[in-house]
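Undergrad: please find the sequence and the predicted model below.
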Amino acid sequence: MARVLVGVKRVIDYAVKIRVKPDKSGVVTEGVKHSMNPFDEIAVEEAVRMKEKKLATEVIAVSCGPTQAQETLRTALAMGVDKAIHVEVTGKDLDTLQPIHVSKILAKLAQDEKADLVIVGKQAIDDDCNQTAQMTAALLDWPQGTFASKIEKGDGILTIVREIDGGLETVKVKTPAVLSADLRLNEPRYATLPNIMKAKKKPLKKLTPKDLGVEIKAHQEVVSVEDPPVRQAGSIVPDVDTLAAKLKEGGFA
Amino acid sequence: MQRIYSSSLQKINQISQKCWKSTSTRVELTQVRYPKLKRGNYSVISDKHISTFEKIIPGRVLTSATDDLESFNTDWLRTARGNSSVVLKPKSTEEVSEILKFCNQQRLAVCPQGGNTGLVAGSVPVFDEVILNLSLMRKIESIDTASGVIVCEAGCVLEELDNVLREKDLMMPLDLGAKGSCQIGGNVSTNAGGLRLLRYGSMHANTLGLIAVKADGTVVDALNCLKKDNTGYALHHLFVGSEGTLGVVTKVAIQCPHVPQAVSLMFLGLSDFASVMETTQRAKGFLGEILSSCELMDLECADAVVQNMKLKLPLERMPFYMLLETSGSNAAHDEEKLNAFLEAVMNQGLVLDGTVITEPSRLKAVWHLRECIAEALLRDGYVYKYDVTLPAQKFYDLVPFFNDKLKEAGALRCCAFGHLGDGNVHFNVTSTEFSYKLLGLIEPSIYEWTSKHRGSISAEHGIGLKKRDFLKFSKTAEAIEMMRDIKQVMDPNGILNPYKDLGEARGHEARTTQAFSRTIPAGLQAREPKFAMPKEDSEQTALRTELENLISSIQDKQKEVNDANLADKCGDMGDAPKIRLATKKMLKGHINKVTTCHYSGDSRSNYIVQNRKLNYFLLI
């Protein structure tokens, strides 16, 4: 019976229009609607389903971020997670926070909480890094099953179907392992009222990176954040010859 | 090569037919389905007309000779198809004015059209009216963020306007399922309602002013952008909701509310309508000032959405679902109010289950479940769509009233959904294809029922073509006369959207005013008798029984006495001698015939007196 650690991230909701800050240092987050990273929702759903199938005994959700990250954790609790851990990162540290730091935090927590399985979303929709699962596995020296679209539990072994460029790949990993959830793994449930009420009473522990012995050290500096270039209008050409000529001009043919 | 090509075409056809069977069949022409509608006394389109149109709007005249006009002629519900051969696409108010001036001179009927998403066949022609489509008029003239007023042309799509406004922290005051296609000119002309009327009011409230073109081409500039302007008659209100029969709206000024900081949506599941009513009351109490939408959908609607649109509901199958939306300026405050409300309704057992959504992505997804019901029902085949306002308690009563009758007659679904907060229910019945029988079972029964309960026969969909014969159920004869007076003044030749709303203009009335209520062939009528039988009391029953007894005893006595018949008695007589008949005399007058009888004592000749008028012969 496994203890599952699920990592969730609070990101800007995907239906919100992103605006770049005038000073080009980042995007506007003040007053903008945030929600749980969609891939993390899928990860939470998978963990909760495992618990319902009696394949897991306890599910713990973790989030690194400012105070508002607790809202995200409450959502996870309302979906069926048993307890939550909020690793508070604010101010300057928040700007510097990168997947490498999150991986270190998750690795330490996995050991502290004696987790058998760590599941996270394959990537966050704000940075699209796709690094946390892989780095966490490396730090723990655990096997990894990333881009999972199907997870089957065997005896001490997990059979994972991965979505890769060429199609689907099936791998077998020994537990304990780190997994990352892809889009088609499952369809997350809506948190219903009785569960939302129950979630208020579930435990939410607060920690800092220091408590876990992790230093949020800056490894890189964001130079500028800009809007993508505005799409240029196309032009209609009268015939195929003109098209061929234009392609040659542009160096495409 | 040919064979491969055509076989793959066949495959494509088969697949598309399987995907959506209703689109593969062509909609029946309105004039065929409703044969009692008669074309008015309008001119017929000629090449001369077309060349004049080409001069006014070069390159934007579509004709059936060169273009496919099917989508312009068919309504969104696929219940009506006109036979127009010309579609005009003006780009400015001046062009609309010139076109209408010409059409008025030539007595050409015109059907103004926007997004063509109307549900009462008001935006498509009935016969060959010229379609005046305003889709190319989509300029946004100005957005004043201080006052929240947007001025734009009639062809702007509602959703696009909303997107542009949101960048300035404003939003459109109305929201409907058709927002991706409907145009603001049409919304104004039909006084569109929608999901947020409860909070932001109707188009009458939000249209500050507009520019419309009268039938004779006169441009009526009532484009006021001020919230307060009491200078004479509020002319713009005349056009709001007139469904294109009094003028063509070309530009509008809309009052837009500020975008709320915090929007939450509750999707609740309930077991019965009494709980729904209680919950609505609680909602108004706990959430009053932040409530922005209160909607209902029943299980049959939810099933349609799940089956036909392949979507998933947040909750399990339950008899009723409510969507309650709150919009406020402070998320924390709203959350407190929401929690208090939810705790109350859950503890009292009014709500079986529910979910609360605040993320924009999820909000869109859950609203979509309610907004796509119309489309989901359409995919069953044919939808009989009704939109009535009823007193709050009776909101759902139409379904139990009709359900069994209609299901027996072959209906697939009989369901209701709608704007619970406004008392506006959308009652829908679906079947695989159109059936006169089903139509007869529903109309006019539903309108009589609504009228009896003092409701409105058309809450927000308008009158259009489909409901014009039932206007009398919601408006007095005097009111309808006054409407005709106004129409006569605004459009004396009756060229604007004829056959819709009030029916034909004065002077053009055909004997077609009963086109809809008598549509069903006599043999298929299944309505209640028009006049109720007089109630019988015991005395009448006793008398009738006595009468019947007397009659039967007389008949018995007759049978007893009846021991022979004429054939038996006279059968053995010989043939009569040859009869020679010659007119002896023409007698005029009754008394002459009477006195003649006295003269016929002579037994050698027999006389016959014939009364042609009363048809008898006297053998004397």
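TA: Cool, got the structure. Numbers count the residues shown, from 1 in each chain, chains lettered A, B, ... in the order given.
Undergrad: assumed B:F267 was part of a strand.
TA: Yes: secondary structure assignment places B:F267 in a strand (DSSP: H, G, I helix; E, B strand; the rest coil).
Undergrad: check the contact between it and B:V351; I expect there is one.
TA: No: with contact defined as Cβ atoms under 8 Å, B:F267 does not count as touching B:V351 (10.5 Å). C-betas here are computed from N, CA, C, even on glycine.
Undergrad: does the nearest residue to B:M490 once chain neighbours are set aside count as helix, strand or coil?
TA: Spatially, and ignoring its direct neighbours in sequence, B:M490 is nearest to B:L246 (4.5 Å; Cβ to Cβ, 6 or more residues apart in numbering or on different chains). In three-state terms, and counting by three-state DSSP, B:L246 is coil.
Undergrad: the bottom helix or strand of the chain by mean pLDDT?
TA: I went with chain A, as the question did not name one. The helix or strand with the lowest mean pLDDT-type score in chain A, counting by mean pLDDT, DSSP states H and E, is helix A:91-96 (a mean of 88).
Undergrad: right idea, wrong chain: chain B
TA: helix B:21-24 (a mean of 48).
Undergrad: skipping adjacent residues, who's closest to B:V87 in space?
TA: B:L62 (4.1 Å).
Undergrad: pLDDT averaged over the strand or helix carrying the one you found - what is it?
TA: In this structure, B:L62 sits in strand B:61-63 according to DSSP states H and E. Strand B:61-63 shows a mean pLDDT of 94 in the predicted model.
Undergrad: ok, stretch B:66-73 next?
TA: Mean pLDDT, computed over stretch B:66-73, is 92.
Undergrad: buried sites along it?
TA: Judged by neighbour count (16 or more other Cβ atoms under 10 Å in any protein chain shown), stretch B:66-73 contains these buried residues: B:69, B:72-73.
Undergrad: can you tell if stretch A:42-52 touches chain B?
TA: No: among the residues of stretch A:42-52, none lie within reach of chain B under Cβ under 8 Å from any Cβ of the partner chain; the closest is 12.9 Å away.
Undergrad: let's see that stretch as PDB, backbone CA atoms only.
TA: What follows is stretch A:42-52 as a C-alpha-only set of coordinates in PDB (Å, rounded to 0.1, in the frame of the first residue of the first chain):
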ATOM      1  CA  ILE A  42      -4.900  15.400 -13.300                       C
ATOM      2  CA  ALA A  43      -2.100  14.200 -11.000                       C
ATOM      3  CA  VAL A  44      -4.300  14.800  -7.900                       C
ATOM      4  CA  GLU A  45      -7.200  13.000  -9.600                       C
ATOM      5  CA  GLU A  46      -5.000  10.000 -10.300                       C
ATOM      6  CA  ALA A  47      -3.800   9.900  -6.700                       C
ATOM      7  CA  VAL A  48      -7.300  10.100  -5.300                       C
ATOM      8  CA  ARG A  49      -8.500   7.400  -7.600                       C
ATOM      9  CA  MET A  50      -5.600   5.200  -6.500                       C
ATOM     10  CA  LYS A  51      -6.800   5.800  -2.900                       C
ATOM     11  CA  GLU A  52     -10.400   4.900  -3.900                       C
END
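Undergrad: doesn't A:L139 lie inside a strand?
TA: No: going by three-state DSSP, the assignment for A:L139 is helix, not a strand.
Undergrad: can you check the pLDDT for the residue nearest the centre of chain B?
TA: Per Cα atoms, centre = their mean, the C-alpha nearest to the average position across chain B is that of B:K466, at 3.6 Å. The score at B:K466 is 90. That number is its pLDDT.
Undergrad: for B:V126, see how far away it is.
TA: In this view, B:K466 and B:V126 are 11 Å apart by Cβ to Cβ, to the nearest Å.
Undergrad: what sits in contact with each of those two?
TA: Shared contacts of B:K466 and B:V126 (Cβ atoms under 8 Å, 6 or more residues apart in numbering or on different chains): B:A80.
Undergrad: list the contacts for the residue of the stretch 101-250 of chain A found nearest chain B?
TA: With distances taken as Cβ to the nearest Cβ, the stretch 101-250 of chain A approaches chain B most closely at A:Y190, which sits 3.7 Å away. Taking Cβ under 8 Å, 6+ apart as the definition of contact, the neighbours of A:Y190 are B:267, B:314-315, B:355, B:357, B:362.
Undergrad: now it: how far from B:M297?
TA: When distances are taken as Cβ to Cβ, A:Y190 and B:M297 turn out to be 16 Å apart.
Undergrad: and for B:R454?
TA: As judged by Cβ to Cβ, B:R454 and B:M297 stand 25 Å apart.
Undergrad: quick one: which of those two has more around it?
TA: More neighbours surround B:M297 than the other of B:R454 and B:M297, with 24 against 11 (other Cβ atoms under 10 Å in any protein chain shown).
Undergrad: name the SS class of A:S180, please.
TA: Of the three states, A:S180 takes strand according to three-state DSSP.
Undergrad: quick check: it touching A:L117?
TA: No: with contact defined as Cβ under 8 Å, A:S180 does not count as touching A:L117 (11.7 Å).
Undergrad: any stretches of chain B with poor pLDDT?
TA: B:1-24, B:503-536, B:596-607, B:620 (pLDDT under 70).
Undergrad: near chain A, which residues of it?
TA: Listed as neighbours of chain A in chain B under the rule Cβ under 8 Å from any Cβ: B:166-167, B:261, B:267, B:312, B:314-315, B:342-343, B:346, B:351, B:353-364.
Undergrad: just the ones in strands from those, please.
TA: Of the positions in the residues of chain B next to chain A, B:267, B:353-357 sit in strands, assigned by DSSP state E.
Undergrad: please name the residues that touch the closest residue to chain A within the stretch 201-350 of chain B.
TA: The minimum distance from the stretch 201-350 of chain B to chain A, using Cβ to the nearest Cβ, falls at B:P314 (3.7 Å). With contact taken as Cβ under 8 Å, 6+ apart, B:P314 is in contact with A:190, A:192, B:267, B:355, B:366.
Undergrad: let me have the residues you listed in a markdown table, extended by distance to A:Q98.
TA: Output for the contacts of B:P314, formatted as a markdown table (distance: Cβ to Cβ, whole Å):
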| residue | distance to A:Q98 |
| --- | --- |
| A:Y190 | 32 |
| A:T192 | 36 |
| B:F267 | 37 |
| B:T355 | 34 |
| B:V366 | 34 |
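Undergrad: which one of those sits in the busiest neighbourhood?
TA: Using other Cβ under 10 Å as the neighbour definition, these reach their maximum at B:F267, which records 27 neighbours.
Undergrad: for that one, list each beta-bridge partner.
TA: Using DSSP bridges, the bridge partners assigned to B:F267 are B:L323, B:T355.
Undergrad: residues contacting the closest residue to B:L619 other than its chain neighbours?
TA: Using Cβ to Cβ, 6+ apart and skipping the chain neighbours, the partner closest in space to B:L619 is B:I608 (5.8 Å). Remark: with contacts taken as Cβ under 8 Å, 6+ apart, B:I608 is in contact with B:581, B:617-620.
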